[in-house]
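Enquirer: Generate coordinates for the sequence data below:
(one chain, ligands or ions: 1)
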Amino acid sequence: MEKVAIIGSGCAGLTAALYAARANLQPLVLTGRHPGGLLTTTTVVENFPGFPEGIDGYELMVRLQKQAERFGARVQFGTVENVDLSGQPFHLVVDGETIDAETIIIASGAGHRHLELESEIKLENKGVTYCATCDGALPMFRNQALAVVGGGDSACEEAMYLTRFGSIVYLIHRRDSLRASKIMAERTLAHSKIKPIWDSIVTDVMDVSQGKVTGVRVKNVKTNIERVLECSGVFVAIGHTPNTQIFKGLIDMDEQGYIVPKRGTATNVPGVFVAGDCSDRVYRQAVTAAGLGCAAAIEAERFLAARNE
Ligand SMILES: Cc1cc2nc3c(=O)[nH]c(=O)nc-3n(C[C@H](O)[C@H](O)[C@H](O)COP(=O)(O)OP(=O)(O)OC[C@H]3O[C@@H](n4cnc5c(N)ncnc54)[C@H](O)[C@@H]3O)c2cc1C
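Expert: Next comes the predicted model:
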């Protein structure tokens with residue numbers, strides 16, 4: 001019987017593991033298909049506190065795992081396929097095997113939506129990115145033309161943020177008006193550095209042969225006319241999908257699948273807590289995920305202490 005089972009090994013899951021381990025709870029971390037989580041896919045992380053020179057994303061996650069293991073956390077490669085939260089203990093089916101646990105911390109993250117272009121995948125981290133807050137300040141984007149793809153609040157926020165660094169920011173949207181809230185849309189469109197490219201989709205990111213972004217090919221969906229916009233960065237902001245499908249109908253979530261905590265990190269099921277990007281549609285940062293992981297572990301510890309009183 002596990003005292004604490006943690007679903008996910010990103011910043012949220014491993015920070016929860018560190019805290020639960022230091023509370024002597026020997027947590028079990030189930031890695032899922034991406035041990036170390038999303039941060040392992042990036043090169044330099046410049047905004048995680050404590051690393052003035054920045055740190056490689058993979059290295060940061062290896063260090064975090066070692067730190068948690070030092071205090072007794074156990075990290076098991078495996079994906080949770082099914083959960084039974086109908087009573088105590090909870091049951092988790094992990095690659096066909098059942099694990100029983102008194103508490104669960106869900107830290108399964110969220111994936112960003114892709115444009116589904118081969119060139120986009122090939123140029124990821126070479127000018128194609130999914131997070132302006134994370135990457136916008138990198139030298140490669142400074143004083144360059146940049147493109148944001150999307151038309152919602154996130155796309156507007158990314159575009160506004162990028163005006164600090166880029167010489168011009170193209171906002172490419174497949175419709176002729178923004179989906180974002182009125183105030184956000186007005187503020188975005190009023191910015192002198194932001195140039196909307198309406199009714200357009202990106203059909204190619206260039207230039208794979210050079211190994212860096214030099215522009216995007218966009219097609220006007222009304223006229224079918226294609227043209228090239230020169231730019232050095234493409235920020236894809238067409239939404240995220242939380243990895244929460246296995247909890248559907250069991251844990252309260254919003255219409256997009258983000259888990260909605262009841263209080264702090266506690267969910268509607270007593271003994272099940274949530275942390276990180278799978279419940280955060282707003283900040284989506286490594287440090288906020290880590291902070292929520294810490295909070296979830298403290299809540300789990302208190303839950304167990306109260307049960308055993
Ligand atoms: C390219 C890129 C660069 C970024 N750069 C920065 C940056 O510079 N600074 C910053 O603050 N943020 C950055 N971010 C954002 C940051 O990576 C996320 O905010 C952070 O990783 C969220 O942590 P998390 O633990 O909530 O989720 P994730 O890191 O997404 O981890 C989720 C974990 O859950 C696991 N999982 C999912 N489903 C299951 C399942 N069914 N069973 C078991 N495990 C499961 C996955 O395998 C994974 O280990 C970047 C993101 C990307 C994509």
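Enquirer: Could you use CA atoms for every contact and neighbour count after this?
Expert: OK.
Enquirer: And the helices in the stretch 101-250 of the chain?
Expert: 118-122, 132-135, 153-162, 182-190 (DSSP state H, counting those that start in this stretch).
Enquirer: Could you identify which of these is most buried?
Expert: helix 153-162 (a mean of 24; mean count of other Cα atoms under 10 Å).
Enquirer: what is the rounded mean pLDDT of that one?
Expert: For helix 153-162, mean pLDDT rounds to 92.
Enquirer: is the ligand contacted by it?
Expert: No: shown here: helix 153-162 not in contact with the ligand (Cα under 6 Å from any ligand atom), separated by at least 13.6 Å.
Enquirer: Give the other helices and strands that that helix contacts.
Expert: Here helix 153-162 touches helix 132-135, strand 145-149, strand 168-172, helix 182-190, going by 3 or more Cα pairs under 8 Å, 6 or more residues apart in numbering; DSSP states H and E.
Enquirer: Could I get those in CSV, plus columns for mean pLDDT?
Expert: Shown next, in CSV, are these (pLDDT from 0 to 100):
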stretch, mean pLDDT
helix 132-135, 88
strand 145-149, 98
strand 168-172, 98
helix 182-190, 93
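Enquirer: do you know which of these lies nearest Y161?
Expert: Shortest distance between Y161 and those, using Cα to Cα, is found for helix 132-135: 7.0 Å.
Enquirer: Tell me the residues of this protein that contact the ligand?
Expert: 7-13, 30-39, 41-42, 45-47, 79-81, 107-110, 134, 243, 276-278, 284-287, 289.
Enquirer: N224 is nearest to which of the helices and strands packed on helix 153-162?
Expert: Closest among the helices and strands packed on helix 153-162, using Cα to Cα: strand 168-172, at 15.0 Å.
Enquirer: In the stretch 201-309 of the chain, where is pLDDT below threshold?
Expert: The stretch 201-309 of the chain contains no residues with pLDDT under 70.
Enquirer: residue ranges of the strands in it, please?
Expert: Counting by DSSP state E, counting those that start in this stretch, the stretch 201-309 of the chain has strands at residues 215-220, 226-230, 233-236, 240-242, 272-274.
Enquirer: So which other helices or strands are in contact with the second one?
Expert: Strand 226-230 is packed against strand 215-220, with contacts defined by 3+ Cα pairs under 8 Å, 6+ apart.
Enquirer: Okay, angle between the strand it packs on and strand 168-172 too, please.
Expert: 40 degrees (axes from the mean of the first three to the mean of the last three Cα atoms, to 10 degrees).
Enquirer: how close does the residue nearest to A155 when sequence neighbours are not counted sit to A17?
Expert: Among residues not flanking A155 along the chain, A237 sits closest, at 5.0 Å (Cα to Cα, 6 or more residues apart in numbering). From A237 over to A17 the distance is 31 Å, taken as Cα to Cα, to the nearest Å.
Enquirer: The two - which one has more neighbours?
Expert: Per other Cα atoms under 10 Å, whichever of A237 and A17 has more neighbours is A17, with 36 against 26.
Enquirer: burial of L138, as a residue count?
Expert: L138: 12 neighbours (other Cα under 10 Å).
Enquirer: what do you get for C231?
Expert: 23.
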